[in-house]
Every structure is written in C-alpha cells, then in structure tokens.
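Q: sequence below, structure please.
(3 chains)
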Amino acid sequence: MDLTREELLEAYRTLRMIRAFEEKLNELVTAGKMGGFLHLYIGEEAVATGVCSHLGVRDWVASTHRGHGHCIAKGVDIRAMMAELFGRATGTSRGKGGSMHIADVQQGMLGANGIVGAGIPLATGAALSAKLKGTGGVAVAFFGDGATNQGQFHESLNMAANWKLPVVYVVENNGYGEFTPTDFVVPVKDIATRAGSYAMRSEIADGMDFFDVYEKAGEAIRRARAGEGPTLLECKTYRFAGHFVGDPLAYRAKEEAEDWIQNRDPLARFEGQVLEAALVEADDLRRIDHDVEEELAAAVVDAEAAPPPGLEELLTDVYARGES
Amino acid sequence: MTMEEGTVVEWPIAIGDSVVRGETVLIIETEKSEVEVEATASGVLRHVYVEPGETVPCATILGAITGTMDEPFDPDAFAAEHRGPQPAASVQPVPAVRPGAGAARSANQRAPGGHKAVAPVARALARKLGLDPEVVHGTGPGGRVTKQDVETHAEARERLVMVEDGIALEVLREGEGDPVLLLPGFGTDVSSFALQARVLAEHHAVVGVNPRGVGLSDAPDLPRYEVARSAADAASVLDAPAHIVGASLGAAVALELALSHPDRVRSLTLITPFVEATPRLLAVTRAWCRIAAQVDAEALALALAPWLFSEGLLADDTIRERTLRGLTASVAKVPAATLERTAAGITAWSGARRNDLGKIAAPCLVLAAGADLLTPHADTIAAAIPGANLIAFPGSGHALAIEVSGRVSEAIHSHVRRNTGLRIPDSIP
Amino acid sequence: MSRVLSVSQAINEALTIAMETDPDVILLGEDVAGGGTRSGDDVEEAGGVLGTTKGLVTKFGPDRVLDTPISEMGLIGTAVGAAATGLRPVAELMFIDFLGTCLDPLLNQAAKLRYMFGGKVRVPLTVRTVTGAGMQAAAQHSQSLYWMTAGIPGLKTVIPSNAADAKGLLLAAIRDDDPVIFCEPKRILFQAGEVPEGDYEVPIGEAAVVREGSDVSLIGMGATVATALEAAELLAAEGKSAEVLDLRSLAPLDEDAILATLEKTGTVVVVDESTPRCGIASDVAALCVDRGFDFLNAPVKRVTAPHAPVPYNKALEDAYIPSVARVIEAVRECGI
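A: Take a look at the predicted model:
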C-alpha cells in the first residue's frame, strides 16, 4: 500500500464526513427541517472514497440518486451541499436542484441524477471529451446494480469499449434495486461478468474495504488514463439505511442488515486496518471525528441562516441564452 | 347593401342533375363575399345562361330548372317569360357556409344565449368607437360581426342627422337636384324604396329617412313613436321644401307633414295611405310585433308576405323568393321594441286627421292597390284631398312599391316632374 | 454571393463551416461517417442514410465524425455528457420518430442540467433529426414530433423551410450554448434554393414574414411554409392578400411576430404537419386567443395532420399531409 499517513487521514476524513453528513441529514429530515427525497449512502462510503482518492479536478464523476457520498469524495464543498439541501441560494444549485441534483462542474462533478442509469452515458460523453480534447482526464460513472439492467448501461459500455474511452464504470452492488433483491432481477451472479459482452476488462472489489476498492480502482483508472480502455468495476457493498429516508425496510431481514452493520462497517474496518498496521494513531481519527462534527454543525447553522433563492430564480438558467 | 352585379363562381351541379328546392345550385361572388344561391324549385338543371367567370348585372337569369329533362324547353322563350320585375328591395346575400364551418345559424341570428356572434376585434373596435357591436349587421360566416362590419356601421353613423333632444336619424342621400323625401312603411326601412331611390336619384336629391328605432336611427325609450313626431323629424331633416313620398305608415307621416308643416311640402305622393286604421291593419300590426319578438327576420317575412303581396306575386316562385329576401333584409332593420312603440303611435293617430284631408294644399298623388288587404280605402282619401290624382293598380297587394316597383317609380317621377319648375325628361329610361 | 444548393447540401455546408471554425464541434450518429473511415477503392462513405454528412469524415477525420452503434439512448446521452464537459457535439437522431428510444437524455438530462445545477453548466448540444411525411416511410419514420421537444423547457427546437435558413439556423444552433433540436423536414431536404456563401447565422427565436399580406395570416413551419405560400398565391389570384409567416423556431416561439401578423390581418390559419392535439398549431392558436384576443376577426383555424399515425399508401399519405386545398378551405371558413 503506497498511501502516506496524510493520504490515509484524508481518506478517513472523507469516510467519516460521508457517514456524518448522511446521519446529520437523517436527523434533519426526521426533525422536519428538510424536504424532498433523500437517499442515504451510509454503508457504501468505502466505494466513493476508494475510487475518488485517485481523481483530480480534470477528472469527471457522474453520480446517482444516492449521490452525496460521491460529491463529498469528489471534493464538493459540504457547506454548499448542505445549503442546497436546505434549498438556499448559497447551495450548489442555488437551491433549485436538491439532493438528487447536487453538482459542481468546476470540481468535475457532473451531478447526482434522479434517473437510474442516466449518469452512465454522461460519464461516457465526458470521457469522449477528455479523449478528443486530450486533457488526460478520466471519467467515472457510479451507479447501482439496478442501473445495469437499463439500456443506457449496455449502450454506453458498448460504445466506450469500442472507442477505448478513458472511463471507469463503478457499479455499487448493494444487493437491492430499490426494494427488490438484486438476485430477483439479475440472472448473473457477478455483474462484473456483463463486461464480457463488450470485451471490456472487469474487476470485483469488496466495497466494504477501502483498500481493496482503492487498489482495484487505481488500476482501472491508470489503464483508462493510459488509453487502454474502460473497466467495469463491481464493488460489492450494502446499503445500511433504506432506499430513501422513511423507507420502512419491510422487505429485508433485520438479521441480514445487522450482520453487515455489525461486522462489515467500512469505517470500523478501515480504522481496524490502519490502527493494526500502526499507520495512524487513534487520536488522529478521533480528532477528525470531532472536526467533521464541528464542520457539519457550522454548515447547518450557515445553511439555515442563508437566504432562499429569489422568485426570479424560477425562470433563470432554463436557457444559457434567450428565454422561452 | 344593394347588390348591383355578381360573378358566377361555380355551378356545383351539372346540366341534367336533379335538384331539390333549397339546395345550393350556384355560387356567385358579389363585391364582398361568395353567396350560395338556392334552387327556387325542384326538378333538373336544364340550362345555364351564364358560365363561371362571367359578371352580369342583378336580375339576370342565370339558369333554368325544369321538372324533367323530357319536357319541351326553349331557352330564349324561358328567359323572356321569366324576366320579371327588378328586385324591389336590396338583395341580401346569404353568406356561403361550407360543410364543417359549424355556422349553422342564419345571418345575424342571435346565439341561444342572446348574444350575436361578434369577432373579438370587432368588439374591441366597437368599444373604442362607443358602439354596441350587437346592433351592427354582420356579414361574416354565420352572420358574425366582423371588423369591417363595425367600420361600415361607423361610417354609416357619420351620416346621421340630429333632429331634436339629441336624437340622431339615419339619413341616406343620393343624387342631386330638388329634394325628394322617402318615408318607409311600418316595420321596414328605406331599403324598401331601393329601386325608386335609384331612379329618382338620376334627377333629384333623394333623401331617405329611417324613422326612430329603425336601422341606425336612435331608439329613444318612449311609450309611443307619435306620427306627428315622425313628421316633425322628417321636417327637420329637410334643408328645403321637398317632394314627399310615403308608403302606408310613411303616407300617414307624409299627410301629417303636409298638414302641420305645409311650407316643407312641394308635392305629396301617398302610396296605399290610411287615416283610420282598419281592424285588420291593427291586427296585422299586433301580430307583426309579436312575431318579430320571437322569430328571425326570415320567418317574420314569410309570415307577413300573405298580407303584403298579391296572390299573383305569391304564385311565382322566383319572384316570391327574391321579394322575400328583400323583405327579410328590410324587416331585420326594425327591432321588436321599435315595432311596439310605432304601433302605439298608429293607434293613437288613427282617425285623428279624418276630417282634415280637405285642408291639404300641396299637389297630391294617391297610389291605390286593388288587392290591398290592409289599407283598402286609398280611393276615399284621394277623393277627400282637393285636386288629388288617383292611380289604382288593380291586382296588386299592399306593398305596392315592392310589388310593382317600376310602375310606382314611374308614377312618382311623373308627379314630381309635373310639380317642379325644372325641365326634366318626360319619361324615365 | 449565393448559389443554388439543396437543403441537404446547405446543412452539409453549415456543418463544414462549424467544424472548420471550432475544433470542439464533432459529429456523432448512426452512419454519419458511413464507411468513410475504411479505405478501399470500392468503398465510398455514405455520410448518413440520406447522405447529408457525406464528405465530412474525409475532411475532418474519424475522431470528429463518429459512427455510433444503433444506440440512440447511448449516443444522445454520450453527446449530452460531451456537451457538458467542453465539446460542442452535433448528434444525429436519424428520424425524430426514434425519440422514443432516447427521450431521457433529452428530457431529463440535456434540458435540465443547467437549471438543476444552478446555471453552472452549459449543454451546447445540437441534435439533427429528419422529420415529417412525404417519402412513404409510414408510421414510424414520418412523424413530426417537434411539438414534443418544443414542449420541454430547456430545449430549443428549430425547423427551416428553405436551404438558406437551414444553413444559418444550423450554424446558430451549433453555436448556441443550449441544446437545440434541429429538424430537417423530409419533403424539403432535396429542394434547392439560393444559399449565401460564407459564415452566417439565422437567429434562433425569430420568425420571418416570407410574404406580406393584409387579409389573412398563414403561419407555417418547415415544409408547410411552401404549402402556405402556394395557398397565398391562389388567394392572390382571387384578389385576397395573404401574409405568410415562417416560424423557423418553435421553441423559443416568436410570439411577437405571431401577434404582429394577427394584429395586421385579424385572421390566422396555422398550417402544421404534426398531429392536432397539444401541438404547435394549438399553441399558436392559444397564443392568439390569450394575448391577441382583441385582434381576432375570425376563429383561428388549425390545418394539421389528423389524429392518426402516418399511413404508407401514397394517396393516404397525401391526404394526411396538410394540403393547399385545406388551407384555402380554412381561409374560406374565416370568411375571407
């Protein structure tokens, strides 16, 4: 493992921030302070963190409805994210996007997306841009197991493989497509095997293990950047929370969830790994925990105090030039 | 409003095709619109006199319908036989309504809600001009009042003459020379004198007055439109003494004018006059008021025709239908409220001048109709007026000016000529 | 200077100019290169199924003229992603009928990214697509579905009626920072007209009065402009003066131009090749009633295709397409 102490602490900070951010949202929604549909990323933090640790601002990420983790890992300002979730003018989308449309194109974040599978061709197009413009950038599409049943997935993989685009398709296989278990609707055991149809390289990573994801994503991204074509990286993971905040979770066994949560929590696992290897001190991690809590608390205070968008915002940015 | 010529656009049926009365057999184009002409009889289209593209004057025979293709037929003889009198009143074009146009209502009929169809731009223009768009005569499909109709109406309004108390009357002027004043009968407008006006205008300044509540003339909300008041109105319209021509109620107004404003009267022509309304005249007047309030102008004209015209006219399909169209257009200009007020004026005036006829000094011509059901005592009136001449038209009905329009024109012309100082031709062309 | 070119050639010329003047402009779609990337004496590039993009791959190379698989959702979605990240792609959706296979990238991505992202992204995407009946291509290759894209906020939709406008509108569309659906009506694609040389744009959102008149306004778009002009000619022979307005841009709609011609004539007949429900003709009629009510001298008439799929049989297809006779009939129903 070639990660420095600083890089490890940064990775932990991202893992912790995602976890804390989502828990804070859960708390705010339950308190009635936030509207809309929220899909929490808790349990899957190692995937976004492990992949995005390799990415810079010239690289692109297209995300999903469960996108907060990808945004945080890609470097989107959490204060702007929190303000967006509060629907404030200071939000990433000036309060007009909400949870499913947080984006920061300057940071290479092509947005969360309300349509399952829709980010896949967007990342493919971003990879086409990077290739034709010679930026050296790569594009990463995060999507769930459910999205691999969409036409957009297959059409995009086919084109990207054919054109050897610098793109990595990261499927976060959390075992459920909304309420339906993946094996009810997907005939293959490993989604990674779907790459075979497109003569595309594939890889399976333990999505609960930051280091496994980090290593396999690193290789896929290196290959993409080197012009060796796309990879389908399947990260096996688990959604600790429901499909959305308020999901009664009647469709899955409590024991199953408890097992994942108690025994395979990616944050606990990371902590165990780094402490065991004596790469960082426990105090470093607790200090990060504390800083993250403070940062989030401040973000909430700022967001609540921020102004809402003016009514004129209703009609701005429908078009770049000329209005309807 | 008077249509003077038309162009044949299309014969939708071919010679030999059978037609049913009322079916469209011909499309002609007038100055402004396409008009569908309905068959006046059932049979087969036997002959076409005027081909599409040709423009011909009014009253030209365009085609012939016979019972069958077998019966004897001579186109020239048929044309000569059916070349009837000129249309007395203006011909009211029936706007062409195409299938699917959805304009099933006849021209100027109001919608069930009581509102006439008015194009929005026409309504807006009327609002701007301070006009009530619903009084405007509509020429659009289904009788819709168009912007052009409002403009035409507004132009006509400019011809209004103020008489008294802010009352404006619609006065139509045509020609130059000695003034000849035309006073229409009950329930009709001056278009009922359309043919006479045209002839007289060749030598005279013809002045047609629409009485209160008729056409564009103001309709003050009074219980009665007094005959004497109508005479005073007519006097105020005149700039100089005039030859006065009145029919029926118009003749009553003319009589009143001659008695109360003798200085305004150079000669008097009384067409089917009365001084005392007969019970039948009063009954028809009452029916007229009631029918007009309930049906459209076309139905009203149909109901009136038996009282106004002779059996000879009613027997001729072509002439009857043409006459009915003219009458329809004329009675459409008189709303029910005006009829009620005018009828009340007749009742009040009836008999009031019974003993005054001897006082009339102006040269007087009385035209009497032999088959007049409404005013049968014109000859008695002629006898009572000093020096009056009487011309009787034996087989004619009450609406003489319409029924024998040409001869009435000639009679008026001669009478006027005899009583004017200017040299004008002895006969009309 | 101008010369006579077909609409198809004018489009090709616009694409050439756009690619010469901006290296970020790329073409992608099914068959747009069309074999031109594979050398061989007996191989000729097709340049699209109707040959519109012929020669471009030779001129600009396979990196900028990309044949895609038959994957409308993938190719349009990829084009949206490329547009959001610095390219200015021109994607070809072979026939607008195929909108059903790629609606999401247009409806939920291209149209909304800018708004959803608070104005922080541009999507300079052009989708060229062939529309309309007239080639006996039947129900799935003949529709005029521009009303669908025109109804989606965030998309612009344009439709030229002649070669000169086709060139200028396409250049404007490519250089526009918003996604633009550029419709290529089948019936005019191979019609010739004067086309100015050089680089020029026809502004999006501006209708054009293509014939002045005073009695009735005939409003057309794409191929129906010619129908309206022909009707205007017949009406002129009767002494009736028809104005013809070419919408050119369906979204944004030039409402001022529509209201101006309505105010002038008081009578509007909209000629639209698409189906009647929820269409451009209905939209124009609604605008006239909503904002031009006091100008109306007659009902606003819509001459459209029937509410039916496009038939194959030639006679039926001819009956489907709004005809000059139906325009004249509508004018008559207005009392003109």
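Q: when you work out contacts or count neighbours from here on, use the C-alpha atoms and nothing else.
A: Will do.
Q: now do the SS call for the residue of the stretch 151-300 of chain B found nearest chain A.
A: Sorted by distance to chain A under CA to the nearest CA, the residues of the stretch 151-300 of chain B start with B:Glu151, at 37.3 Å. Of the three states, B:Glu151 takes helix according to DSSP: H, G, I helix; E, B strand; the rest coil.
Q: for chain B, just list every one of the helices.
A: In chain B, the segments counted as helices under DSSP state H are B:75-82, B:120-129, B:147-157, B:194-200, B:227-237, B:249-260, B:279-294, B:297-308, B:311-315, B:317-331, B:336-349, B:378-384, B:400-403, B:405-418.
Q: of all those, which one comes closest to A:Ser197?
A: With CA to CA as the criterion, A:Ser197 lies closest to helix B:120-129 of those, at 65.4 Å.
Q: next, the angle from the closest one to helix B:147-157.
A: Calculated by axes from the mean of the first three to the mean of the last three CA atoms, to 10 degrees, helix B:120-129 forms an angle of 30 degrees with helix B:147-157.
Q: against which helices or strands is helix B:120-129 packed?
A: On a contact count with 3 or more CA pairs under 8 Å, 6 or more residues apart in numbering or on different chains; DSSP states H and E, helix B:120-129 meets helix B:147-157.
Q: which residues does the helix it packs on contact?
A: For helix B:147-157, contacts defined as CA atoms under 8 Å, 6 or more residues apart in numbering or on different chains pick out B:119, B:121-123, B:125-126, B:129, B:133, B:136-139, B:170, B:216, C:297.
Q: so among those, where is pLDDT lowest?
A: The member of those with the lowest pLDDT is B:His137, and it reads 82.
Q: give me the buried entries from the contacts of helix B:147-157.
A: Those of the contacts of helix B:147-157 that meet the buried threshold are B:119, B:121-123, B:125-126, B:133, B:136-139, B:170, B:216, C:297, by 16 or more other CA atoms under 10 Å in any protein chain shown.
Q: now, among those residues, which is nearest to B:Gly370?
A: Distance ranking of these against B:Gly370, using CA to CA, places B:Glu170 first at 32.7 Å.
Q: got a list of what that closest one touches?
A: With contacts taken as CA under 8 Å, 6+ apart, B:Glu170 has the following neighbours: B:Ala156, B:Arg157, B:Arg159, B:Leu160, B:Val161, B:Val209, B:Asn210, B:Pro211, B:Gly215, B:Leu216, B:Ser217.
Q: can you list the residues of the stretch 151-300 of chain C near chain A?
A: Residues of the stretch 151-300 of chain C lying close to chain A by CA under 8 Å from any CA of the partner chain are C:Pro153, C:Gly154, C:Leu155, C:Asp176, C:Asp177, C:Asp178, C:Ala251, C:Pro252, C:Leu253.
Q: hang on, the earlier thing: and the contacts of B:Glu170, which are buried?
A: Using 16+ other CA under 10 Å, the buried ones in those are B:Arg157, B:Leu160, B:Val161, B:Val209, B:Asn210, B:Pro211, B:Gly215, B:Leu216, B:Ser217.
Q: which pair of those residues spans the longest distance?
A: B:Arg157 and B:Pro211 (14.3 Å).
Q: would you turn the residues of the stretch 151-300 of chain C next to chain A into JSON lines with pLDDT and distance to chain B?
A: JSON lines is the format used below for these (pLDDT from 0 to 100; distance: CA to the nearest CA, whole Å):
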{"residue": "C:Pro153", "pLDDT": "98", "distance to chain B": "31"}
{"residue": "C:Gly154", "pLDDT": "97", "distance to chain B": "34"}
{"residue": "C:Leu155", "pLDDT": "98", "distance to chain B": "34"}
{"residue": "C:Asp176", "pLDDT": "98", "distance to chain B": "39"}
{"residue": "C:Asp177", "pLDDT": "97", "distance to chain B": "40"}
{"residue": "C:Asp178", "pLDDT": "98", "distance to chain B": "38"}
{"residue": "C:Ala251", "pLDDT": "97", "distance to chain B": "27"}
{"residue": "C:Pro252", "pLDDT": "97", "distance to chain B": "27"}
{"residue": "C:Leu253", "pLDDT": "97", "distance to chain B": "23"}
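Q: out of those, which is nearest to A:Arg66?
A: Among those, and counting by CA to CA, the member closest to A:Arg66 is C:Gly154, at 24.6 Å.
Q: pull the number of nearby residues for that closest one.
A: 29 (other CA atoms under 10 Å in any protein chain shown).
Q: wait, C:Ala192 touches C:Val7, no?
A: Yes: at 6.3 Å, C:Ala192 and C:Val7 qualify as touching, with contact defined as CA atoms under 8 Å.
Q: which non-adjacent residue is nearest B:Thr285?
A: In space, B:Thr285 comes closest to B:Ala343 once its chain neighbours are excluded; the distance is 6.6 Å by CA to CA, 6 or more residues apart in numbering or on different chains.
Q: tell me who's in contact with the one you found.
A: Going by CA under 8 Å, 6+ apart, B:Ala343 touches B:Arg224, B:Tyr225, B:Thr285, B:Arg286.
Q: just the ones of the residues of the stretch 151-300 of chain C next to chain A in strands?
A: Assigned to strands by DSSP state E, the following of these qualify: C:Ala251.
Q: farthest-separated two in the residues of the stretch 151-300 of chain C next to chain A?
A: So, those by CA to CA: farthest apart are C:Asp177 and C:Leu253, at 17.6 Å.
Q: show me which of the two is the more surrounded one.
A: Neighbour totals were compared for C:Asp177 and C:Leu253, and C:Leu253 leads with 24 against 21 (other CA under 10 Å).
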